[in-house]
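K.L.:
Let's see this in three dimensions:
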Amino acid sequence: MLSPAKFWSAVSLSLLLFLLALIGMTLIGTSGAELSRALAGLSPDKEILFQVRLPRVLLAALAGGALALAGVVFQALLRDALAEPYTLGVQSGAALGAVIAICLPFLIPYTRNRERGFYRRYEDVAHYSASLSDYLSPSRFNRPPYERWVPSQSRSEKALLPGFGAFALALVGVGVGRTRDRLFWLFCVALAAVAVVLSLGPELRWGTGTLPLPYRFFYRHVPGFDSIRVPARISVLALIGIAVLAGLGASTLLTKLSKWERPFAIALLGLLLLEYRTYSLESVFLEAPAASAAHLWLAQENAQGGVLVLPIHEDREIIHESLAMYQSTAHFQPLVNGYSGWWPNDYWELVGRLRHFPTARSLRFLLERAPVRYVVVHYDRIPEPRRRKLEKGMERYRESMPLVFRLGNEAVYEIRERADPS
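P.N.:
Numbering: from 1, shown residues only. So this is what the prediction gives:
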């Protein structure tokens, strides 16, 4: 047993070695920082040693000391020199606590954004969910041999067929893959099955009724799931599982057909290439839309200020919001219009106020809240009698919002400070 003098001598020596190690580690690095220059307050040595290296060295020392202390406490309480977090299973619980501690700061702004309307509506989630038939639908850009008999999908998130060849190989992998690596095989099967179920969204329409699915529970109770607009995209995980199982199936077949391994591999590759044929990209991409005369005029005049394009958010014509964003690249001024999967509550307030535009209140709202200086109107997109009513309203506010440019059905109005009709 150590005497008190020897014990404190050992402790002092350990602390001295620990401090020397800390100092030595701060001096080790790719950049040649000097301790004397750092102590004198000279840059960049001071920043490198005291602001970059020293905090990381101290953090590493604290983490190592905490782990060592935890091991000592375990061994002292259990009176077992082999006791440690890994053998007792405490490590998994600690990892869960660490994940919660890391994610918790991100959940607080998430809840605040949700109150502002940053979440996906249940109807949108159900609309953008996959169906079982989608897993049998190829993309319309593909040219498989069976394209005449199998209906195709134009929306990428709905074209989920990995190929009948891949399906066949995956079934072989499901049947024989467990004999090779059972745990890995089970993981792939579970990944594909769970991803398929989640990609179907909150409900499955079956005839005249609906069948609730697990995604509904996650949407209502698990943070983050109500932020996903297209559950069908979870199918990517299912396709990964199917691809791995197909690889296991192909490997098994090649092993059993060892005498014909090369011809069979070439034939299998040829069939897959035949099934995965696609159209030329030249026939897929359309030409860019013509430039807008109103936006080009704003660019030529070097106009400064926010821009509003009417009509805004017109039901199925909402795609024109993307067109307005594209046209605004002529001048890159702030734009009220926009297309996104997120529709915050203040956006709906703005759209509601503009339904009866122009009014004195809507003009003040645009000046104070947006703020907007130019209003671009595409009269050809506004049906009668709304078009005639809008033209009369713009004429009524000609002093506070005069017409500054017009070419055909495109017009540009400039909002002045005054918002009263003449």
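K.L.:
make it CA atoms for all contacts and neighbour counts henceforth
P.N.:
Will do.
K.L.:
now do the same end-to-end measure for stretch 126-141.
P.N.:
Using Cα to Cα, to the nearest Å, one end of stretch 126-141 lies 25 Å from the other.
K.L.:
what's the spacing between that stretch and its chain's center?
P.N.:
Distance, stretch centre to chain centre, for stretch 126-141: 20 Å (Cα atoms, centre = their mean, to the nearest Å).
K.L.:
Show me the helices in the stretch 201-350 of the chain, by range?
P.N.:
Taking DSSP state H, counting those that start in this stretch as the criterion, the stretch 201-350 of the chain contains helices spanning 214-221, 235-256, 261-275, 293-300, 319-327, 345-353.
K.L.:
which helices and strands sit right next to the second one?
P.N.:
For helix 235-256, the contact count by 3 or more Cα pairs under 8 Å, 6 or more residues apart in numbering; DSSP states H and E identifies helix 164-176, helix 182-199, helix 261-275 as packing neighbours.
K.L.:
One more: the fourth one?
P.N.:
For helix 293-300, the packing partners by 3+ Cα pairs under 8 Å, 6+ apart come out as strand 403-407, strand 410-414.
K.L.:
which one of the helices of the stretch 201-350 of the chain lies closest to A168?
P.N.:
Evaluated with Cα to Cα, the helices of the stretch 201-350 of the chain place helix 235-256 nearest to A168, the distance being 7.6 Å.
K.L.:
and the helices and strands packed on helix 293-300, which is most packed in?
P.N.:
Highest mean neighbour count among these (mean count of other Cα atoms under 10 Å): strand 410-414, with a mean of 21.
K.L.:
what's in contact with that one?
P.N.:
Contacting residues not belonging to strand 410-414 are listed as 293-294, 373-379, 401-406 [Cα atoms under 8 Å, 6 or more residues apart in numbering].
K.L.:
between it and helix 293-300, how big is the angle?
P.N.:
50 degrees (axes from the mean of the first three to the mean of the last three Cα atoms, to 10 degrees).
K.L.:
Can you show me the CA trace of strand 410-414 as PDB?
P.N.:
The C-alpha coordinates for strand 410-414 follow below in PDB (Å, rounded to 0.1, in the frame of the first residue of the first chain):
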ATOM      1  CA  GLU A 410     -48.000  42.900 -70.600                       C
ATOM      2  CA  ALA A 411     -48.100  46.000 -68.500                       C
ATOM      3  CA  VAL A 412     -45.900  47.400 -65.800                       C
ATOM      4  CA  TYR A 413     -47.200  49.800 -63.100                       C
ATOM      5  CA  GLU A 414     -45.100  51.700 -60.500                       C
END
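K.L.:
ok so, going back, out of the helices and strands packed on helix 235-256, the one nearest W348 is which?
P.N.:
The closest of these to W348 is helix 182-199. By Cα to Cα, the value is 28.9 Å.
K.L.:
Pull out the buried positions in that closest one.
P.N.:
Residues 185, 188-189, 191-199 are the ones in helix 182-199 that count as buried (16 or more other Cα atoms under 10 Å).
K.L.:
Kindly indicate which of those lies nearest E384.
P.N.:
Nearest to E384 among the buried residues of helix 182-199: S199, at 42.5 Å, using Cα to Cα.
K.L.:
pretty sure that closest one contacts A130?
P.N.:
Yes - here S199 reaches A130: they are 5.7 Å apart, a contact under Cα atoms under 8 Å.
K.L.:
Distance-wise, check T329 relative to A370.
P.N.:
Going from T329 to A370 by Cα to Cα gives 19 Å.
K.L.:
show me what contacts L35?
P.N.:
Per Cα under 8 Å, 6+ apart, neighbours of L35: 27, 45, 49.
K.L.:
Look up how far F332 lies from it.
P.N.:
50 Å.
K.L.:
T255 now?
P.N.:
For T255, the distance to F332 equals 60 Å [Cα to Cα].
K.L.:
so R373 touches G305, yeah?
P.N.:
Yes - if you go by Cα under 8 Å, R373 and G305 touch, sitting 5.3 Å apart.
K.L.:
quick one, which of the two is more surrounded?
P.N.:
R373 (21 against 14; other Cα atoms under 10 Å).
K.L.:
follow-up on the earlier one: between the helices of the stretch 201-350 of the chain, which gets nearest to G163?
P.N.:
Among the helices of the stretch 201-350 of the chain, if distance is taken as Cα to Cα, the winner is helix 261-275, at 6.9 Å.
K.L.:
Give the other helices and strands that that closest one contacts.
P.N.:
In this structure, helix 261-275 packs against helix 164-176, helix 235-256, with contacts taken as 3+ Cα pairs under 8 Å, 6+ apart.
K.L.:
Columns mean pLDDT and distance to S227 on top of those, output as JSON lines?
P.N.:
Converted to JSON lines, the helices and strands packed on helix 261-275 look like this (pLDDT from 0 to 100; distance: least, Cα to Cα, whole Å):
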{"stretch": "helix 164-176", "mean pLDDT": "87", "distance to S227": "31"}
{"stretch": "helix 235-256", "mean pLDDT": "88", "distance to S227": "17"}
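K.L.:
Using JSON lines, please lay out these together with mean neighbour count.
P.N.:
What follows is the helices and strands packed on helix 261-275, written out as JSON lines (neighbours: other Cα atoms under 10 Å):
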{"stretch": "helix 164-176", "mean neighbour count": "19"}
{"stretch": "helix 235-256", "mean neighbour count": "20"}
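K.L.:
what about these, which gets the closest to K389?
P.N.:
Taking Cα to Cα, helix 235-256 is the member of these nearest to K389, at 48.2 Å.
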